[in-house]
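Engineer: Next input, structure requested:
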Amino acid sequence: MKGEWSFMDISKERRIYLERYAELMPRVSGISTENRVDVVELASRHGFKIVSMDLDDTDKAFILIDDSQKEILGFKTKRLIGVNSKLKEKEMRFAIGHELAHYFLDFFNTPNESYGVFANKTIVREEERNLTEQEMDYFSACLLMPSASFKNEYQSQAEEGADANTIPWILSQVFDVPLDSATKRIEELGLT
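Structural biologist: I've put the predicted structure just below:
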């Protein structure tokens, strides 16, 4: 995972699909979608081991799947999500959500024995990589900040008198996401 979350190039129809899919996956996996979605538990329920690793500063995370092996990179697992150890917890959660998006949208829909997205180098054309990564970021945002819960919390904070500058910070705490992600989600949902 590289780059920052942007949804501007994703069509409205595709955003609707990604949102519905992202909000469905925790529920079918038995994970609560009230406020903080436990992405580590979601990953675990799909057989992933999450490992904090030393990565380049520009690389946030990667996903590797090899169901034919007993180990990946020396870890006893067939499914691995590596997360940059330099990230803050909220950034790690977003990165894990992003990598789970690769799993649910790429591997899960067209399973192979092995799959990997390491530093996004598996996609050849730059414009395709950018759109794909935007979709993965959008999926992660929808997964971590389900629209109904997010809108309800936003409205609750507004009714309690929180100002427009404070609400994004409160939502970032409630949903355990980076402040910029909560701010973008507010904008994307038209809550401003």
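Engineer: So which residues of this structure form helices?
Structural biologist: Applying DSSP state H to the chain gives helices spanning 12-28, 39-45, 89-102, 126-144, 147-159, 167-174, 179-188.
Engineer: for the closest residue to Ser85 other than its chain neighbours, what are its contacts?
Structural biologist: Using C-beta to C-beta, 6 or more residues apart in numbering and skipping residues adjacent in sequence, the residue nearest Ser85 is Ser52, 4.3 Å away. (C-beta placed from N, C-alpha, C; glycine too.) Contacts for Ser52 were tallied using C-beta atoms under 8 Å, 6 or more residues apart in numbering; they are Gly82, Val83, Asn84, Ser85, Met92.
Engineer: could I get the helices of the chain as a markdown table with mean neighbour count and distance to Ala61?
Structural biologist: Below are these laid out as a markdown table (neighbours: other C-beta atoms under 10 Å; distance: least, C-beta to C-beta, whole Å):
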| stretch | mean neighbour count | distance to Ala61 |
| --- | --- | --- |
| helix 12-28 | 16 | 17 |
| helix 39-45 | 18 | 11 |
| helix 89-102 | 24 | 4 |
| helix 126-144 | 21 | 10 |
| helix 147-159 | 16 | 23 |
| helix 167-174 | 19 | 19 |
| helix 179-188 | 20 | 15 |
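Engineer: out of those, nearest to Lys60?
Structural biologist: helix 89-102 (4.4 Å; C-beta to C-beta).
Engineer: And that closest one, what does it pack against?
Structural biologist: Applying 3 or more C-beta pairs under 8 Å, 6 or more residues apart in numbering; DSSP states H and E, one finds that helix 89-102 makes contact with helix 39-45, strand 61-66, strand 79-84, helix 126-144.
Engineer: Just send these back as TSV, with distance to Gln157 and mean pLDDT too.
Structural biologist: Below are the helices and strands packed on helix 89-102 laid out as TSV (distance: least, C-beta to C-beta, whole Å; pLDDT from 0 to 100):
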stretch	distance to Gln157	mean pLDDT
helix 39-45	23	96
strand 61-66	30	89
strand 79-84	30	94
helix 126-144	18	82
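Engineer: residue furthest from the geometric center of the chain?
Structural biologist: Gly161 (30.1 Å; C-alpha atoms, centre = their mean).
Engineer: measure that residue to Glu187 for me?
Structural biologist: Distance, Gly161 to Glu187, by C-beta to C-beta, to the nearest Å: 21 Å.
Engineer: these two touch, right, Ala101 and Thr132?
Structural biologist: No: using C-beta atoms under 8 Å, Ala101 makes no contact with Thr132, being 9.5 Å away.
Engineer: for Ile10, what are its contacts?
Structural biologist: Leu18, Leu131, Gln134, Glu135, Tyr138.
Engineer: Tell me how many other residues surround Ser32.
Structural biologist: 12 (other C-beta atoms under 10 Å).
Engineer: still on that earlier bit, so for Gly30, which of the helices and strands packed on helix 89-102 sits nearest?
Structural biologist: helix 39-45 (7.0 Å).
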